[in-house]
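Student: Need coordinates for the following:
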Amino acid sequence: MSRRVVVTGLGLICGVGNTTEEVWASLLAGKSGVAPITFFDTAQYTCQIAAEVKNFDPLNFVEKKELKKMGRFIHFALAAATEAMNMSGLKITPENAENVGVYIGSGVGGFDIIEREHTALMEGGPRKISPFFIPATIVNLAAGQVSIRFGAKGPNLASATACSTGAHAIGDSFKIIQRGDADVMISGGAEAAITPMSVGGFASMRALSTRNSEPERASRPWDKDRDGFVVGEGSGILILEELEHAKARGAKIFAEIVGYGMSGDAYHITSPAPEHEGAFRVMRNAIRDAKLKTTDIGYVNAHGTSTPIGDELEAIAIRNLFGDYNVPVSSTKSMTGHLLGGAGGLEAGISVLALRDQTLPPTINLENPDERTAGMDFVPNHARQASLDYALSNSFGFGGTNGSLLFKRWSE
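Tutor: Model (predicted):
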């Protein structure tokens, strides 16, 4: 019999809050974190809005002399991991260090550092490139820095599966603990891609919303007036722990993770497969892994990015899987924007909080529902009390990579 795995800590940071409870309160209030970009001059950009993390001081988590050794995504990972570890009450000692691992991914890593150092190269030549350029940039240094910070000597890994990154990191961590290769995993994703090249690149694909005059209303999943996603930034980190290990130290348990699904579309580099059959299979696989029925699921935190084709196809996949059962579905990206590689970690944490508080966060800006998804319950515009035992969290990425996580309400 495989080992049971529970969530004993959460650290969430994004455009609507710098702590887990601040993020959760903002989501339940339907607060948008989208605003005009302040990080750079957007005068020449078709998209001028994003969900920046506000009032974030990395010096609360990183010594001043260490700042330039890390990209912003690493700052976020350290901040979220610190909150999650504090919440868990876990103390890493020489006796348990080898059984505590870290698995934190990022879709693109240090985009901000790449751009900064490229400018230094162009203006001053190769001697102007910082010796910290590489360790500040590469994806696995979020996990590396967190491991060093807390002394976690178990598995040390990173994923880079585009917008499925955080979900895959958490799902893989679940399996690592389940099979006995660690007792605890610090897992999730982090991203800081609100940069000139990143925003410009996504805009050139015509993937971003250009509703610049109404930023709070720009991210509008399943609304017929949606015109693209909004880039967000931040991190979502979960402490996953083997059940008996958590009980033995008297840890507070927030939820149990019971299912994990993966799939590949094998179809297109950016577009989902017809009827999003990859999404259908990944949700089915997570539910099968948990040995549940579709009717057991009380809530789906959708990928729901606010793109015209993606939203519609995800809705079709949900209907194809759940049939006549009209499961409540919402997209919290309507408020947080899309954290890319950090989205799966953030939204896994949100799903855990939905189970904890028996409350469904809303899909805001759903004013004119798309007739092609008519009749589905997208929890429009207002949070809702609910009675639910299981929550499913979806993440889909470029290249046709998909991940779904299934959490259970904690009860003895």
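Student: Mind jotting down where the helices sit in this structure?
Tutor: Assigned by DSSP state H, the chain shows helices spanning 20-28, 72-88, 111-124, 133-137, 141-150, 165-178, 196-204, 243-248, 277-289, 308-322, 333-336, 343-357.
Student: Enumerate every residue touching Ala167.
Tutor: 189, 344-345, 347-348, 393-395, 403-405 (Cβ atoms under 8 Å, 6 or more residues apart in numbering). No exception for glycine: its C-beta is placed from N, CA and C like everyone else's.
Student: Where does the prediction get shaky in this protein?
Tutor: Within the chain, the ranges that satisfy pLDDT under 70 run 1.
Student: domain parsing for it?
Tutor: Domains of the chain are assigned by automatic domain parsing as 7-248, 261-409.
Student: At the geometric centre of this structure, which residue do we find?
Tutor: Nearest to the geometric centre of the chain sits Ala343, at 2.1 Å (Cα atoms, centre = their mean).
Student: Is it correct that Ala31 is in contact with Thr332?
Tutor: Slight slip there: residue 31 is Lys, not Ala. No: between Lys31 and Thr332 there is no contact under Cβ atoms under 8 Å: 11.0 Å.
Student: Give me the neighbour count for Glu52.
Tutor: Using other Cβ atoms under 10 Å, Glu52 is surrounded by 22 other residues.
Student: for it, what are its contacts?
Tutor: 15, 33, 35, 37-39, 194, 233.
Student: give me that answer again for 7 Å
Tutor: 15, 35, 37-39, 194, 233 (Cβ atoms under 7 Å, 6 or more residues apart in numbering).
Student: What of Glu256?
Tutor: The neighbourhood of Glu256, defined by Cβ under 7 Å, 6+ apart, consists of 4-6, 407-408, 410.
Student: Return a selection command, for use in ChimeraX, containing the buried ones of the residues you listed.
Tutor: Buried subset of the contacts of Glu256, written as a ChimeraX selection, criterion 16 or more other Cβ atoms under 10 Å:
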select :4,5,6,407,408
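Student: As JSON lines, the contacts of Glu256 with distance to Gly101 would be great.
Tutor: Converted to JSON lines, the contacts of Glu256 look like this (distance: Cβ to Cβ, whole Å):
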{"residue": "Arg4", "distance to Gly101": "17"}
{"residue": "Val5", "distance to Gly101": "13"}
{"residue": "Val6", "distance to Gly101": "16"}
{"residue": "Phe407", "distance to Gly101": "20"}
{"residue": "Lys408", "distance to Gly101": "22"}
{"residue": "Trp410", "distance to Gly101": "22"}
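Student: just to revisit the earlier point, go ahead and confirm the residue nearest to the centre of the chain touches Phe396.
Tutor: No: contact criterion Cβ atoms under 7 Å: Ala343 and Phe396 do not qualify, at 9.7 Å.
Student: Mutual contacts of the two, please.
Tutor: In contact with both Ala343 and Phe396: Cys163, using Cβ under 7 Å, 6+ apart.
Student: Just give me how far stretch 25-44 sits from the chain centre.
Tutor: How far stretch 25-44 lies from its chain's middle: 17 Å, per Cα atoms, centre = their mean, to the nearest Å.
Student: Please list the residues outside that stretch that contact it.
Tutor: Residues from elsewhere that reach stretch 25-44 (Cβ under 7 Å, 6+ apart): 14-17, 48-52, 194, 196, 215-216, 218-219, 230, 232, 332, 335-337, 350, 359, 361-362, 364, 381-383.
Student: quick one: buried residues of it?
Tutor: Applying a neighbour-count criterion of 16+ other Cβ under 10 Å, one finds 26-28, 30-35, 37, 42 buried in stretch 25-44.
Student: Show only the entries of these found in strands.
Tutor: Residues of these located in strands (DSSP state E): Ala35.
Student: Export the buried residues of stretch 25-44 to CSV and append columns for distance to Glu256.
Tutor: Shown next, in CSV, are the buried residues of stretch 25-44 (distance: Cβ to Cβ, whole Å):
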residue, distance to Glu256
Ser26, 26
Leu27, 22
Leu28, 23
Gly30, 28
Lys31, 29
Ser32, 31
Gly33, 29
Val34, 33
Ala35, 37
Ile37, 39
Thr42, 44
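Student: ok, back up a step: so which of the contacts of Glu256 are in strands?
Tutor: Of these, the ones assigned to strands by DSSP E are 5-6, 407-408.
Student: if we take the residues you listed, which one ends up nearest to Ile176?
Tutor: Distance to Ile176 across the ones in strands among the contacts of Glu256 (Cβ to Cβ) is lowest for Val5, with 9.2 Å.
Student: so the closest one bridges to which residues?
Tutor: Here Val5 sits in beta bridges with Glu242, Ile257, as judged by DSSP bridges.
Student: could you measure it against Glu242, distance?
Tutor: Noted for Val5: a distance of 6 Å to Glu242, by Cβ to Cβ, to the nearest Å.
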